[in-house]
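Peer 1: A structural model of the following input is requested.
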Amino acid sequence: MMPLRSMLSRRGLEPSIWRYPSLRVSVAENADRLRAHLDDLDADAIPYHIVAHSMGAIVTRAAHADGNARSGNARSGNARWLQRIVFLAPPHSGLPAARLASPIAQRFLPPMLDLSDAPTSYVNTLPTTINHDVGAIAARWDVLVPRRSTHLDCQREHRTLHASHNSLLVSRRVATLVANFLHRGSFDATL
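Peer 2: Numbers count the residues shown, from 1 in each chain. As a prediction, the model looks like this:
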């Protein structure tokens with residue numbers, strides 16, 4: 001995320017990176033940590049945005065879903081100062097590779113089962129709506145996240161770029177689209 005952070009800084013944003021142990025703990029545990037971080041941001045009463053890549057999108061959705069459950073409304077409870085969200089290569093309906101992973105791999109990598117494309121997996125039990133402006137960017141040559149998995153019912157906009165899963169994070173085009181969406185609520189710079 002460091003290259004993207006640098007490019008977003010040059011586009012008038014003040015990004016910070018929230019780190020989490022992506023392979024050692026479950027998505028739900030990371031969502032609890034993110035929810036606590038968002039509560040701290042909300043205590044400062046300063047508007048903010050989220051840009052999440054890959055599993056970070058699911059952690060974000062899970063943190064947001066529980067915030068809605070606790071408060072009944074995201075704007076009046078958890079993440080009330082959250083403005084917009086951009087998901088990059090989000091596996092919203094799961095990953096075939098996670099479903100196909102061996103039981104041994106799933107045992108040592110807790111998120112594997114959470115991110116499976118099986119209908120009953122954790123990711124597929126999360127709500128598909130979020131009470132904030134949501135944009136998503138998929139990578140045409142992503143061998144991990146199928147493009148069909150990158151859509152969410154509530155998204156305002158969706159783009160697919162000529163990129164791979166990780167090259168989204170170093171793309172100037174992605175940085176421009178993300179900055180446009182965070183500034184204006186649209187990937188289109190003319191709005």
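Peer 1: C-alpha from now on. contacts and neighbour counts both.
Peer 2: Will do.
Peer 1: my read: L113 touches S121, true?
Peer 2: Yes. Using C-alpha atoms under 8 Å, L113 is in contact with S121, at 6.6 Å.
Peer 1: neighbour-wise, which of those two wins?
Peer 2: More neighbours surround L113 than the other of L113 and S121, with 25 against 17 (other C-alpha atoms under 10 Å).
Peer 1: what count of nearby residues applies to S26?
Peer 2: A total of 19 residues lie near S26 under the criterion other C-alpha under 10 Å.
Peer 1: name the residues of the lowest-mean-pLDDT helix or strand in the chain that are buried.
Peer 2: Lowest mean confidence among the helices and strands of the chain (mean pLDDT, DSSP states H and E): helix 103-108, at a mean of 75. Neighbour counts over helix 103-108 (16 or more other C-alpha atoms under 10 Å) mark Q106 as buried.
Peer 1: report all helices and strands that that helix contacts.
Peer 2: When contacts are defined as 3 or more C-alpha pairs under 8 Å, 6 or more residues apart in numbering; DSSP states H and E, helix 103-108 packs onto helix 111-114.
Peer 1: how about stretch 90-98: buried residues?
Peer 2: P90, P91, H92, S93, G94, L95, P96, A98.
Peer 1: will you turn these into JSON lines that also has distance to R156 and pLDDT?
Peer 2: Formatted as JSON lines, the buried residues of stretch 90-98 follow (distance: C-alpha to C-alpha, whole Å; pLDDT from 0 to 100):
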{"residue": "P90", "distance to R156": "15", "pLDDT": "98"}
{"residue": "P91", "distance to R156": "17", "pLDDT": "97"}
{"residue": "H92", "distance to R156": "15", "pLDDT": "98"}
{"residue": "S93", "distance to R156": "18", "pLDDT": "96"}
{"residue": "G94", "distance to R156": "20", "pLDDT": "96"}
{"residue": "L95", "distance to R156": "23", "pLDDT": "94"}
{"residue": "P96", "distance to R156": "26", "pLDDT": "93"}
{"residue": "A98", "distance to R156": "28", "pLDDT": "89"}
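Peer 1: understood, closing this out.
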